[in-house]
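Novice: below are the sequence and a predicted model for it; my questions follow.
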Amino acid sequence: MSEHDRDPTPDAETETRNDEPLLEIEGLRTTFGTDSGTLVAVDGIDVTVRAGETVCLVGESGSGKTVAVESITRLVQSPPGRIEGTVRFKGQDLLSADEATIRSIRGHEIAHVFQNPQNALNHCYTVGWQLVEAIRVHEDVPEAAARARAIDLLDRVGIANASSRFDDYPHEFSGGQKQRIMIAMALVGDPDLLVADEPTTALDVTVQAQILDLFEELKTEFDMAVLFVTHDLGVVAEIADRIVVLYAGKVMERGTVLDIFERPGHPYTRALLECLPGRGNEISGIGGSLPEPTAPPDGCRFAPRCPHAIDACHRDGQPLETEIEPGHSVSCVFYREGRDSSVVSPEGPTGVSSDDADEEARSTDD
Amino acid sequence: MATEKTDKPDRFDEVDWTELAGTRRRDLSVNSLGMIATTLPLVALFAYDWRFVGEREATFGAVGLEADWSGIDFMFVFTLLLFCFYLVLPLYQHPRMTRYYWREFKRNRPAVVSLGWLLVVFVGGLLGPLVLNAPQQDVLAGHQPPVFLSIDAANVAQCLGEVRGGRCYGTWQYPLGTTRGGKGVFRTIVYGMTISTQIAFITTTIVAAIGVSVGTASAYAGGWVDELLMRFVDIVLSFPTLLMFLLILYIYGAGLGMFIFVFSLFAWGGTARYVRSKSLSVAEAAYIDASRLSGAGTYRVVRRHVVPNTASSIITQLTLLVPGFLLAEAQLAFLELGDSELPSWGQLISAGRSDLAFAPWIVLAPGIVLFLTILAFNFLGDALLDALDPQTEAETER
Amino acid sequence: MGLPRYVAARIVWAAVVSLVIVTITFVLMAAAPNPAIQEAATQAALEGGDPQEAVERERELRGLDEPLHVRYLDFLTGVYTLEWGWSEHRSQPVTEALSEGLYYTAQYSVPWTILTMLIGPLVGVYSAANMYSWKDHLATGFAFFGYAIPNFFFGIILLLLFGVWLDWIPVVYNTDVAVFSLENVRQLAIPVFVLVTGSIGAIMRVSRNESAEFRNADFMKTAKAKGVSPLRAYAYHVMRPTLVPLSTTLVGQLLAIFLGSSLLVEVVFGIPGLGRLTFDALVAQDTNLVLGSTLIFTFIAVIGNLLEDIVFTVLDPRISYDDR
C-alpha cells in the first residue's frame, strides 16, 4: 500500500479556484524533548489550505492542534521543540527557510491570532504602540502613517473611538476587545493566511458570535485564507469550508463541512458530534482520556477509547486514510479493504456505501 | 492527601482529620514535650545564673567548670532546642517527605556542598570552643606563617618553626599562622564560627517569631489593624538598620547581644509581608473553611495550616537573610565598632590589614571563610527555593 | 485616584516615615546621658567645683531643662530647617561638613549606581535568554561571587593587588584631582568596581528570574508571530515588564548596600566622603555630626524609597492607584 493513499491532492472537480494550494503541510511532526522522554505533539499530519478558504482543525484539547499551527511559521520554541516534515507556503518551504525569511513572512503573509487575548498583548505598552510595532517591523513607514493605519484597523475591527483608545493600555480593554485588537494586529500586513488558534474560546458566548462574524467579514474583505483551530464543532459549522479532525497528533478524518456533519465516518468524529448540544451525548462526553503523548498506543490512537475497537485497531500504526467519497477521507481500519464500515456507522453513510468506499480505497491505492 | 500513593511529598498542608472530627483534647506532640522538657532546665539554669552567680563568676563554677554563659549563650541554646524539636525532629518523623526533599535538593550539587560547609561551620562553632582554648596573645609568636608557607625571617620576632634560607616556615601549632599579636588565626576563625552560628540562629528565630506573628495577626485581624501593621512594615522595610545600630552603638555602646537584637528587630518586614499574603490565600483555601466549620479556632488554623504552609518559604527567606547579618557583623568588627573582645572574622581581617603585604594569611583566611559562608547560605537559599516551591520546579538546575 | 494624587500621597507617606525615624532618633538621644554633660560634670569635679551644679548649668545651656515635648518640637524644627548644629570635631557647621562629604561620596556613587542599573538588568535578561548555557552559568557564577564576597575584603585584596603590587592605581586617595579627570577615574575605578560587583549580583538574579517568566509569556509569542526579531523582542517585550518587579527591589538593594558600603569602601580606600565622615564622627564622639549623618542617610533612604514607588507606578500601567 502506498504512502499516497492519503494523498490530499484535490480532485479536479472540487478544486477549481486555484491550482496550487496556498499552504501545504506534509508529514508535519513536532516533538518536544522532555525529562520523561520525547513528547510527540503532532505526529505526521497533512493539511492543505487553498487561497480564500477556511479550514478548521478540530479536536479535543491536547490533541496537538495548537502545536500543529504554531509549527507552520516555527513559533514553537526550539529547543525543546523539534519540527520535521514540510510546510510549503506559496511553494516555499518554511521549515528550511532562514530566520530572516521566516520573520518577514510572520505577521506579514501569515498572521496569527491566539487563544487567550488576556495575555497575548504586552501589559507594559499601549495597544497603539504594539500595533505600530507590528506595522513597522515589516514596512518602513513613518510613525504617523503607521498610526493612521493602526487606527483605521482598530476602527475596522470594531473598537469604538479608535483614535482616542489608541493610547490605552491592554488592561483597559475587555477580553473581546483585546481579541479584536489582536485581529487588527494580524491584519496589518494584509496577510494571505490567517491562523486563528481558538480565538473565541476564552470569550463570552455573545462575544464569540460577534468575533466569528468579524472573521467572516474580514475574510472576504481582505481575501484571506483562514486556518481555524477549535474544539467547538458549533463554531466549525458556522465558518468552515473544510474540516480536519485531529486526535492525539494524528488526522482522524477530513472532509467538507457537509461530509463531516452529515456523514461522519470515524468513530471519534461521531463521538465529537454527539457531544454537540441536542445530539444526546452532551453530558457524558467521550469516555476515557487522551493517550500519554510520550507513549502513544500502537494502532489507531483512538482505539483505547473506541467502542468499536477490534484487535486490528491496536496494531500496525494509525490506519492509512481511506477516501470514502471525493475529498472526504477517514483513518479507520473499518474502512480498509475487507472490513465492514457499517460497524462504525450503523445508520450507514448516506451517499456512499461501505463497499463503494472500499472500491474507492482500492482505486486510489493504485 | 496523605493517602496519595504517588511519590509526592506529604505537604505540610495536610488536614488534621482528628482535629476536624472534633476531638478537643490538647495533646502535646513529642516535639512540644521535648521542647518543654529541655527548656525548663535551661530557664532554671538561667535564673540560677542571673540570681545567684556573681557578675564575675562562671556559670558552672559550682561544679568546677570554667564555662561562663552570657545571655546570648542561653538564647543560643534555646534556639538550638527549637531547631532540634521543630525542624530536625519533624524531618525524622516524616521520612517520606524528608526523602523527597532530599532527592530534590541533592540534584543541586553546589547546594549540597554548601550545606556541607555550613555544617562544618556549625559543628566547628558548637564544639570548637570546647576542644580548643581561646586564642591567646603571645607577642613572641607574632606573624607566624601557616603550615607549608614561609615568611621572611626578618618579619618574625621569633620563628617557632624551621628557618631555612632566611625564611621562617609555619608549624602545626598554628596551622593558619598567627596575627601580629601572636593569636592563632585558625583558633580565632573557629571561635568566629561560634559567633557566626549564634548570630545565624538567634536572629533567624527572632525574625521568624516576629514576622509570623505580625503577618498572621495582620491577615486575620484585617481592617485597620491590618492597615496599621502593614504601614509599620513599610517603615521597618525602609529603615536604615545599620545606621540605627551605629546610633545606638554611639549613644549606649553595644555588644553582640545588642547587634543581634537591633538587626533582627528590623529584618522581619519581608517575612511579615509574605506571611500575611500567604495567610490570606490560605484562608481562602477550602480546607481552612473545613477547619473553621468544624470549630477550629483562629489559633488552631494559624498553628495547623498557616505556619506549616508558609514554613518552607520562611525558612528560605531566613536562609537568605543570614548572610546579611554575618556581613554586617563582619563590617562592624572590621571598623572596630563592634565588641573588641569578640574574636570574630571581621576583627581578624581588620587586625591583619596593616600587615597585608607580608602576612596576607591574616586577612585572607578569615576573608575566604566569610566569603564561603555567605556564598553557601546563598546557594542553599537558592536550592531551598527550588526544592520547596513547586512553582519553580523547572529551575532546579540553576 | 490619578497619578498626581497618588504621587502626592506617597510624598506624604515618605514624610511620615522620615518623621517616625527622626522621632526614634530623638527618643534614643533623649533617653541617653549626654556625653557633653558628663564631661562638664567631670570637668567641674576635676576643677574642684560642684559637679551637680555644672550639670545643671550645662543642661540649661543646652536647653535640656525644658519639658520633653518642647525639646522634641525644637528638635523637629531644627531637623527640618536644616539647622543641624556645629561639628566640634570638624569645626564647621554639620551641614557644611556633610555637603563636603557628599561631594566625594557622589563621585563614586553616581557611576556605581548608573553602572549597576545598566549592567544588572541587561546581564540578567541576557542570562535568561541563554538560560542554562555556559553564558548563563558564567553570569550566575559572577552574580553569586559578587554578592558573597564582602566588599571591604574584596577592596583590601584589590588594593593590595593593583595598588601595592602592580602599582596601577594610587594607594592613597587624592582629594586634589579634578572630578572629571583621568586621575580621578583611576583612583575611583577599583572602589566603583568593588561596589558594582557587590550590588549587581542580586539585581542580575532578580532580573534573570523575572525575565525567565516573561520570555515564555503569551505576548512573546505574539511578538514572534508579528515577525519581531529576538533581539527586539527581548529588548522591548521582556526587558520592560522585568523592570517592574525589579524596580521594587532595585532601590532597596542599592540603599541597603549604600550605607554599609560607603562606610567600608571609604574607610578602606581613604575617600573622605559621607561614610568616612560618619565613622570619624563616631570615633571622635561628635554628637551633632553623628546625628547629622544619621539624618542624611535616613533622608537618602526615604527619598530613594519614594522614587522607587513612583518609578514602579510609571513602569507598570496596570497598577491601580487605590491599591496601595
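Specialist: Now that the structure is in, tell me what you want to look at. Residues are numbered from 1 along each chain as shown, chains lettered A, B, ... in the order given.
Novice: what's the span of stretch A:188-196, first residue to last?
Specialist: 15 Å (Cα to Cα, to the nearest Å).
Novice: next: stretch A:48-64.
Specialist: End to end - Cα to Cα - stretch A:48-64 spans 17 Å.
Novice: the residue most distant from the middle of chain C, which is it?
Specialist: C:Gly48 (47.7 Å; Cα atoms, centre = their mean).
Novice: and stretch A:207-225, which residues are buried?
Specialist: Going by neighbour count (16 or more other Cβ atoms under 10 Å in any protein chain shown), the buried part of stretch A:207-225 is A:Val207, A:Gln208, A:Gln210, A:Ile211, A:Leu212, A:Leu214, A:Phe215, A:Leu218, A:Lys219, A:Phe222, A:Met224, A:Ala225. (Each C-beta comes from the backbone N, C-alpha and C, glycine too.)
Novice: with secondary structure, distance to chain B and pLDDT added, can I get the residues you listed in a markdown table?
Specialist: What follows is the buried residues of stretch A:207-225, written out as a markdown table (DSSP: H, G, I helix; E, B strand; the rest coil; distance: Cβ to the nearest Cβ, whole Å; pLDDT from 0 to 100):
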| residue | secondary structure | distance to chain B | pLDDT |
| --- | --- | --- | --- |
| A:Val207 | helix | 29 | 85 |
| A:Gln208 | helix | 30 | 86 |
| A:Gln210 | helix | 34 | 88 |
| A:Ile211 | helix | 33 | 88 |
| A:Leu212 | helix | 36 | 89 |
| A:Leu214 | helix | 37 | 90 |
| A:Phe215 | helix | 36 | 88 |
| A:Leu218 | helix | 38 | 90 |
| A:Lys219 | helix | 39 | 89 |
| A:Phe222 | helix | 40 | 88 |
| A:Met224 | coil | 37 | 90 |
| A:Ala225 | strand | 37 | 92 |
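Novice: closest to chain C out of those?
Specialist: A:Met224 (15.1 Å; Cβ to the nearest Cβ).
Novice: surely that closest one and A:Gly189 touch.
Specialist: No. A:Met224 is beyond contact range of A:Gly189, at 10.7 Å (criterion: Cβ atoms under 8 Å).
Novice: bridging residues for the nearest residue to A:Ile260 once chain neighbours are set aside?
Specialist: Using Cβ to Cβ, 6 or more residues apart in numbering or on different chains and skipping residues adjacent in sequence, the residue nearest A:Ile260 is A:Ile243, 4.6 Å away. Beta-bridge pairing of A:Ile243 under DSSP bridges involves A:Cys56, A:Gly255.
Novice: I'd assumed A:Thr54 was in contact with A:Ile243.
Specialist: No. Between A:Ile243 and A:Thr54 there is no contact under Cβ under 8 Å: 9.7 Å.
Novice: which of the two has more neighbours?
Specialist: It is A:Ile243, of A:Ile243 and A:Thr54, that has more neighbours when counted by other Cβ atoms under 10 Å in any protein chain shown, with 27 against 23.
Novice: now for the more buried one: which residues touch it?
Specialist: A:Val55, A:Cys56, A:Val58, A:Val236, A:Glu253, A:Arg254, A:Gly255, A:Thr256, A:Val257, A:Asp259, A:Ile260 (Cβ atoms under 8 Å, 6 or more residues apart in numbering or on different chains).
Novice: now do the strands in the stretch 101-250 of chain A.
Specialist: Remark: strands assigned in the stretch 101-250 of chain A by DSSP state E, counting those that start in this stretch are A:110-113, A:193-197, A:225-230, A:242-247, A:250-256.
Novice: ok, back up a step: assumed the residue farthest from the centre of chain C was part of a helix.
Specialist: No. Checked against DSSP: H, G, I helix; E, B strand; the rest coil, C:Gly48 lies outside a helix; its state is coil.
Novice: emit the ChimeraX select command for whichever of the contacts of A:Ile243 are buried.
Specialist: Buried residues among the contacts of A:Ile243 (16+ other Cβ under 10 Å), as a ChimeraX selection:
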select /A:55,56,58,236,253,254,255,256,257,259,260
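Novice: nearest to chain B, of the contacts of A:Ile243?
Specialist: The closest of those, once distances to chain B are taken by Cβ to the nearest Cβ, is A:Val58, at 31.4 Å.
Novice: can you tell me, leaving aside adjacent residues, what's nearest to the closest one?
Specialist: Nearest to A:Val58 is A:Val245, by Cβ to Cβ, 6+ apart, at 5.1 Å.
Novice: ok so, going back, any chance of the strands of the stretch 101-250 of chain A in TSV, plus distance to C:Thr294?
Specialist: TSV is the format used below for the strands of the stretch 101-250 of chain A (distance: least, Cβ to Cβ, whole Å):
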stretch	distance to C:Thr294
strand A:110-113	58
strand A:193-197	60
strand A:225-230	64
strand A:242-247	69
strand A:250-256	73
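Novice: kindly state the domain boundaries assigned to chain C.
Specialist: C:2-84, C:95-284 (automatic domain parsing).
Novice: the first one near chain A at all?
Specialist: No. Domain C:2-84 is not in contact with chain A by Cβ under 8 Å from any Cβ of the partner chain; minimum separation 13.2 Å.
Novice: and the stretch 201-324 of chain C, which residues reach chain B?
Specialist: Near chain B, when you scan the stretch 201-324 of chain C using Cβ under 8 Å from any Cβ, you find C:209, C:212, C:252, C:255-256, C:259-260, C:263-264, C:267, C:278-279, C:282, C:285, C:287, C:290-291, C:294, C:297-298, C:301-302, C:305.
Novice: out of these, which end up buried?
Specialist: Judged by 16+ other Cβ under 10 Å, buried ones among these: C:209, C:212, C:252, C:255-256, C:259-260, C:263-264, C:267, C:278-279, C:282, C:287, C:290-291, C:294, C:297-298, C:301-302, C:305.
Novice: so C:Phe153 sits against B:Phe371, correct?
Specialist: Yes. Shown here, C:Phe153 and B:Phe371 form a contact pair, counting by Cβ under 8 Å, at 6.9 Å.
Novice: got the buried residues for stretch B:120-133?
Specialist: So for stretch B:120-133, counting by 16+ other Cβ under 10 Å, buried means B:Val121, B:Phe122, B:Gly124, B:Gly125, B:Gly128, B:Pro129.
Novice: do stretch A:35-54 as well
Specialist: Result for stretch A:35-54 [16+ other Cβ under 10 Å]: buried residues A:39-54.
Novice: what's the neighbour count on residue 252?
Specialist: Let's take chain A. Counted by other Cβ under 10 Å, the residues lying close to A:Met252 total 29.
Novice: sorry, should have said chain B
Specialist: 12.
Novice: and the residue nearest the centre of the chain?
Specialist: Defaulting to chain A. Nearest to chain A centroid, counting by Cα atoms, centre = their mean: A:Leu57, 3.1 Å.
Novice: looking at chain C here, not the other one
Specialist: Mean-position check on chain C, Cα atoms, centre = their mean. Result C:Phe258 at 3.1 Å.
Novice: great, nothing more from me.
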